[in-house]
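Asks: structural data only, the sequence is not supplied:
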């Protein structure tokens, strides 16, 4: 499957500001291949490319003052939808790869230490592994109302569990928190989603099962047709699409994700 991505936005800055952008799809061998891409900033600015500590593609630049237009286009190839068998197991803490341990700990938006009892009460009896994480997704989908404008950039998983309402970011944070409360490594993922209505950037998550990261999305009962990863980290604090070291705001944003029709 090949996916076309188009992202553009209008920014407003009071003065030039150092800025980090994370809006480009990651090139991940075996998972998603970037066949072509382009990023254009108008007015032009010198851009530095780098990978952060989580190996996410980032751009650092001095964003000019005034109105700024950002446009990103990419063609991404995804592998066949058929996945390999996932064993119904969870690794114990002593045998996890050491770089997975950080994803078992509480973080800014995922206070797993506060929801340990709730997680064990609801999900403790389910079969370990993929089935348990899927039950976490199902429970969130059934018990948390998806509604725009009900949360903000400071809303945590603990608050979502109490208020029972949120958006994709909140759904992902709560799922990650339940996983970590059960000692399942889990991380937040920002990305693009085929078929998302209304079109927007999307948040989902990975759980470390059977020796690998497995994709989950608590916002839907059925698997999404395609999820394209931009960045992954402990929670949304590590995956913001833009970070201004100054005063900046987003005036408008457009996201388009379409499947390329290939001849049979």
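Replies: On my side now, so go ahead. Keep in mind the model is a prediction, meaning the values are calculated, not measured. Numbering: from 1, shown residues only.
Asks: distance check, residue 104 against residue 98.
Replies: Using CB to CB, to the nearest Å, one gets 11 Å for the distance from residue 104 to residue 98. Bear in mind the C-beta positions are built from the backbone N, C-alpha and C, glycine included.
Asks: the two: who's more crowded?
Replies: Shown here are residue 104 and residue 98; by other CB atoms under 10 Å, residue 104 has more neighbours (18 against 6).
Asks: thought the more buried one was touching residue 93?
Replies: Yes: applying CB atoms under 8 Å as the test, residue 104 and residue 93 come out as touching, 6.9 Å apart.
Asks: which residues do the two both contact?
Replies: Residues within reach of residue 104 and of residue 93 at once, by CB atoms under 8 Å, 6 or more residues apart in numbering, are residue 183.
Asks: mind listing the strands for the protein?
Replies: 2-13, 17-21, 33-42, 47-51, 57-63, 66-77, 145-146, 165-166, 186-193, 202-209, 212-216, 227-233, 242-244, 248-259 (DSSP state E).
Asks: closest one to residue 115 among these?
Replies: strand 186-193 (12.6 Å; CB to CB).
Asks: does anything pack onto that closest one? Which helices or strands?
Replies: strand 2-13, helix 168-181, strand 202-209, strand 227-233, strand 248-259 (3 or more CB pairs under 8 Å, 6 or more residues apart in numbering; DSSP states H and E).
Asks: again, 7 Å this time
Replies: Contacts defined by 3 or more CB pairs under 7 Å, 6 or more residues apart in numbering; DSSP states H and E place strand 186-193 against helix 168-181, strand 202-209, strand 227-233, strand 248-259.
Asks: now the angle from the first one to strand 186-193?
Replies: If you take axes from the mean of the first three to the mean of the last three CA atoms, to 10 degrees, helix 168-181 sits at 150 degrees to strand 186-193.
Asks: what residues go with each domain of this protein?
Replies: 2-80+241-259, 93-238 (automatic domain parsing).
Asks: will you turn the ones you listed into CSV that also has mean pLDDT?
Replies: Below are those laid out as CSV (pLDDT from 0 to 100):
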stretch, mean pLDDT
domain 2-80+241-259, 95
domain 93-238, 95
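Asks: mean neighbour count, those: which tops it?
Replies: For the domains of the chain, ranked by mean neighbour count under the definition mean count of other CB atoms under 10 Å, the leader is domain 93-238 at a mean of 19.
Asks: how far does that domain stretch from one end to the other?
Replies: End-to-end distance for domain 93-238: 24 Å, by CA to CA, to the nearest Å.
Asks: residue contacts, the residue nearest to residue 47 when sequence neighbours are not counted?
Replies: Using CB to CB, 6 or more residues apart in numbering and skipping residues adjacent in sequence, the residue nearest residue 47 is residue 61, 4.7 Å away. Residue 61 sits next to 19, 41, 45, 46, 47, 48 when contact means CB atoms under 7 Å, 6 or more residues apart in numbering.
Asks: the third one contacts residue 60, correct?
Replies: No: contact between residue 45 and residue 60 fails when scored by CB atoms under 7 Å: they sit 10.2 Å apart.
Asks: give me the common contacts of these two.
Replies: Counting by CB under 7 Å, 6+ apart, residue 45 and residue 60 have no shared contacts at all.
Asks: okay, and the beta partners of the residue nearest to residue 47?
Replies: residue 19, residue 47 (DSSP bridges).
Asks: now do it against residue 67, distance only.
Replies: Taking CB to CB, one finds residue 61 at 16 Å from residue 67.
Asks: what does residue 208 give?
Replies: 43 Å.
Asks: correct me, but residue 26 touches residue 232?
Replies: No: shown here, residue 26 and residue 232 do not form a contact pair, counting by CB under 7 Å, at 8.1 Å.
Asks: which neighbours do those two share?
Replies: If you check residue 26 and residue 232 against CB under 7 Å, 6+ apart, the residues they both contact are residue 56.
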